[in-house]
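Asks: I need the structure of the sequence given here:
(one chain, ligands or ions: 1)
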Amino acid sequence: MKRYDLAVIGGGFAGVAAALAAAREGASVLIVEKSNCLGGAAVNCLVNPFMAYWTRVDGVRVDLSMGIFKAIHDRMKARGAMMAETFLEEELKMILNDMVEEAHVDLLYHAYIFEAEKCDGQITSVKVATKSGVVSVEADYFIDATGDAQLAYLAGCPTVLGREADHLCQPMTLCFRLGNVDAERFYASRERLQEAHQRALAAGELINPREDVLVFKTPVKNVLHFNTTRVVKRNPTDPEDVTAAEVLARKQVREIYDFMKRHADGLEDSFLMMTAAEIGVRESRMIVGDYVLTEQDCRNCVKFEDAIAACNYDIDIHNPEGTGTSHYYFPEGTYYTIPYRSLIPLEAENLLVAGRCISSDHGAQASYRIMPTVCCLGEAAGTAAGLAVRAHCTVREVDVKILQRVLTHNGAFVGV
Ligand SMILES: Cc1cc2nc3c(=O)[nH]c(=O)nc-3n(C[C@H](O)[C@H](O)[C@H](O)COP(=O)(O)OP(=O)(O)OC[C@H]3O[C@@H](n4cnc5c(N)ncnc54)[C@H](O)[C@@H]3O)c2cc1C
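Replies: Numbering: from 1, shown residues only. Next up is the predicted model:
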């Protein structure tokens, strides 16, 4: 394989934005992705919609996620693939393919990284499992956008798992869709459904500990999206735990669908259209970086000098042990920023991390993990890698003021 300036591992929102941003700076870029498309959790786990990424100042909407996220959003809108912030993921797959092709970013699908070579703090190559055996990918810089800090972990950089006290992660959820629903009648009966659900949960009749039925409309008439299964106390990086989680979540899908057929209207002609290809992981490994972003930083709305992204999505913690979801909502007009240092893992000089696995505590991760924000983290990481390629410097030596200027010039909002 040809040698690249930058290899991005993982093609979710963070990885795609990183690759596009680095290519924009003139770097040669490869994305290595284990599945057959770009989009990550949005496509593999059917995660939808885009959670709120704006605030209001004097009644006027101010978007906090701009730049490449906005470019993707605009293309989706132009294709008729958006209904408010809910989107059609099949269109997303094609639009992301178009965007990386236009940017001359190379792709390697069906390729799973499982090993990293590191020498004197520099990752020199990663090993990838493919149908024809092991392929070695060489690059001057790497971005870990795997969601699970997989490359950082393989390269021996320190990582943490889940919340600090007991390392439990937020629950995993297998999303699913029902087709041919009479959506109007279903929504009209929702209160009755939620009451019946509360009673059944209290009586211990359900294996799914989630406190309510979480449902969203989709851009497709009479197709409803459910984000309502909940698997707790499983480690998303342990293959046996993830297997058990997938099996249990499918039982929960059947349970809740049968329950809804008994207690809601509008499902008489419905059918189970699809469950996601993969169970969704909200939280798993995170790197320990040059700065660990904390929940307190978020609540204090800290504006870091090296801010590269901004967010105000609520601190949304699905109980890692069972029933209940806690929220801390940011007051209107406020937001916090995310420092560049949280993208730099300890013990590596040519590696950046983007997405839901940057350096933070459990509480902060519960907020910035949403797709619009991770896209901005990817754009920042890719831009920084592009600047490092040009300056032949380590990721720590990137001039943050220049990084902020380039991001802002390209339409991103860095928050300071
Ligand atoms: C159930 C659930 C509901 C959610 N709800 C919302 C919501 O409503 N709105 C919202 O905005 N956000 C929501 N989120 C959060 C959001 O979806 C994720 O945090 C975000 O998509 C993470 O993006 P990412 O790019 O960091 O990682 P991912 O999207 O997970 O991308 C990582 C990519 O890396 C690839 N990869 C992983 N390991 C390897 C490997 N070893 N080799 C090669 N490739 C690899 C994966 O296949 C994947 O494509 C939800 C998450 C979950 C799980």
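Asks: what is the burial count for the residue lying closest to E33 once chain neighbours are set aside?
Replies: Once flanking residues are discounted, E33 sits nearest to G11: 3.7 Å by CB to CB, 6 or more residues apart in numbering. C-betas here are computed from N, CA, C, even on glycine. Counted with other CB atoms under 10 Å, the neighbours of G11 add up to 31.
Asks: in the chain, where is pLDDT below threshold?
Replies: Within the chain, not a single segment meets pLDDT under 70.
Asks: who in it is up against the ligand?
Replies: 9-15, 32-35, 40-42, 44-45, 47, 49-51, 112-113, 145-148, 150, 173, 175, 227, 280-282, 355-356, 369-371, 374 (CB under 6 Å from any ligand atom).
Asks: which SS class is K77?
Replies: Of the three states, K77 takes helix according to DSSP: H, G, I helix; E, B strand; the rest coil.
Asks: look up how far the ligand lies from it.
Replies: 16 Å (CB to the nearest ligand atom, to the nearest Å).
Asks: count the residues that sit near that residue.
Replies: Neighbours around K77, by other CB under 10 Å: 11.
Asks: ok, now which ones touch it?
Replies: Under the criterion of CB atoms under 8 Å, 6 or more residues apart in numbering, K77 has no neighbours.
Asks: in terms of secondary structure, what does the longest helix seen in the chain contact?
Replies: What stands out as the longest helix in the chain, according to DSSP state H, is helix 239-263. Here helix 239-263 touches strand 172-173, strand 176-179, helix 190-202, strand 271-275, going by 3 or more CB pairs under 8 Å, 6 or more residues apart in numbering; DSSP states H and E.
Asks: put together JSON lines for the ones you listed, with mean neighbour count and distance to T408 on each row.
Replies: As requested, the helices and strands packed on helix 239-263 are exported to JSON lines (neighbours: other CB atoms under 10 Å; distance: least, CB to CB, whole Å):
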{"stretch": "strand 172-173", "mean neighbour count": "27", "distance to T408": "35"}
{"stretch": "strand 176-179", "mean neighbour count": "21", "distance to T408": "39"}
{"stretch": "helix 190-202", "mean neighbour count": "14", "distance to T408": "43"}
{"stretch": "strand 271-275", "mean neighbour count": "14", "distance to T408": "40"}
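Asks: quick one, domains of the chain?
Replies: Taking automatic domain parsing as the reference, the chain has its domains at 4-164+283-409, 172-281.
Asks: looking at those domains, which is buried most?
Replies: domain 4-164+283-409 (a mean of 21; mean count of other CB atoms under 10 Å).
Asks: any idea how far apart the tips of that domain sit?
Replies: End-to-end distance for domain 4-164+283-409: 26 Å, by CA to CA, to the nearest Å.
Asks: with stretch 97-115 instead?
Replies: Across stretch 97-115, the terminal residues are separated by 26 Å (CA to CA).
Asks: correct me if wrong: the residue nearest to E33 contacts N36.
Replies: No: counting by CB atoms under 8 Å, G11 sits too far from N36 to count as a contact (10.0 Å).
Asks: which stretches in this protein count as helices?
Replies: 13-24, 41-44, 67-78, 89-102, 150-154, 183-188, 190-202, 239-263, 295-299, 362-368, 371-391, 400-409.
Asks: okay, those helices in TSV with distance to S326 next?
Replies: Converted to TSV, those look like this (distance: least, CB to CB, whole Å):
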stretch	distance to S326
helix 13-24	25
helix 41-44	22
helix 67-78	27
helix 89-102	28
helix 150-154	28
helix 183-188	26
helix 190-202	17
helix 239-263	21
helix 295-299	11
helix 362-368	9
helix 371-391	19
helix 400-409	32
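Asks: roughly how far apart are L346 and the ligand?
Replies: 20 Å.
Asks: hang on, L206 packs against K251?
Replies: No: between L206 and K251 there is no contact under CB under 8 Å: 10.8 Å.
Asks: in the stretch 201-350 of the chain, which residue sits nearest the ligand?
Replies: When distances are taken as CB to the nearest ligand atom, the stretch 201-350 of the chain reaches nearest to the ligand at G280, 2.7 Å away.
Asks: what residues are up against that residue?
Replies: A41, C45, L46, V47, M172, T173, L174, C175, N227.
Asks: kindly report the same for L407.
Replies: By CB under 8 Å, 6+ apart, the neighbours of L407 are G67, I308, E379, A380, T383, V414.
Asks: so how far is G289 from it?
Replies: Separation of L407 from G289 (CB to CB, to the nearest Å): 19 Å.
Asks: repeat for R262
Replies: Distance of R262 to G289, given as CB to CB: 49 Å.
Asks: equivalent analysis for E184, please.
Replies: Per CB to CB, E184 is found 48 Å from G289.
Asks: hmm, L38 is touching I95, no?
Replies: No: between L38 and I95 no contact is recorded; they are 9.0 Å apart, counting by CB under 8 Å.
Asks: follow-up on the earlier one: nearest to the ligand among the contacts of L407?
Replies: Out of those, the member with the shortest distance to the ligand (by CB to the nearest ligand atom) is E379, at 11.6 Å.
Asks: so the closest one touches A22, yeah?
Replies: No: contact criterion CB under 8 Å: E379 and A22 do not qualify, at 9.5 Å.
Asks: what sits closest to the residue in the stretch 301-416 of the chain that the ligand sits nearest to if chain neighbours are left out?
Replies: Proximity to the ligand, evaluated over the stretch 301-416 of the chain using CB to the nearest ligand atom, is greatest for G355 at 2.2 Å. Closest residue to G355 apart from its sequence neighbours, by CB to CB, 6+ apart: A14 at 3.2 Å.
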